[in-house]
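1. Sequence first, predicted coordinates after that:
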Amino acid sequence: MARTSRVTTLSLPPEMVAEAEKIAKEENRTKSELFREALRLYIRQRRWQKIRGWGKNSARENNIKEKDIDDLIFDVRKGV
């Protein structure tokens with residue numbers, strides 16, 4: 001049966017390793033699980049940053065002010 005994950009090496013300062021071990025123990029999970037979850041959250045945050053950046057650029061290009069967004073959403077939902 002093939003592995004569903006790959007092993008990788010990670011280099012961290014000793015204090016960070018100690019904190020990660022402490023958190024993993026408190027949460028009753030492995031360090032691998034802890035690092036996977038941290039990376040998932042980081043990836044999700046980066047995706048949202050890209051989406052927000054796209055939104056800001058689109059608003060700037062279309063001369064849309066932040067104060068106008070609620071009204072625009074209401075109009076679209078209403079079918080205006």
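-> Received it, and whenever you're ready, just let me know what you need.
2. for this protein, which spans come out with low pLDDT?
-> 80 (pLDDT under 70).
3. That one: strands as residue ranges?
-> Remark: no strands are assigned in the chain by DSSP state E.
4. which residues touch stretch 28-42?
-> Contacts of stretch 28-42 from elsewhere in the structure, counted by C-beta atoms under 8 Å, 6 or more residues apart in numbering, are Leu10, Ala20, Glu21, Ile23, Ala24, Glu27. For glycine as for every other residue, the C-beta is placed from the backbone atoms N, C-alpha and C.
5. And the residues you listed, which of them are buried?
-> Ala20, Ala24 (16 or more other C-beta atoms under 10 Å).
6. which of the contacts of stretch 28-42 lies closest to Glu61?
-> Nearest to Glu61 among these: Leu10, at 40.6 Å, using C-beta to C-beta.
7. returning to what we had before: which of the contacts of stretch 28-42 fall within helices?
-> Per DSSP state H, helices hold the following members of the contacts of stretch 28-42: Ala20, Glu21, Ile23, Ala24.
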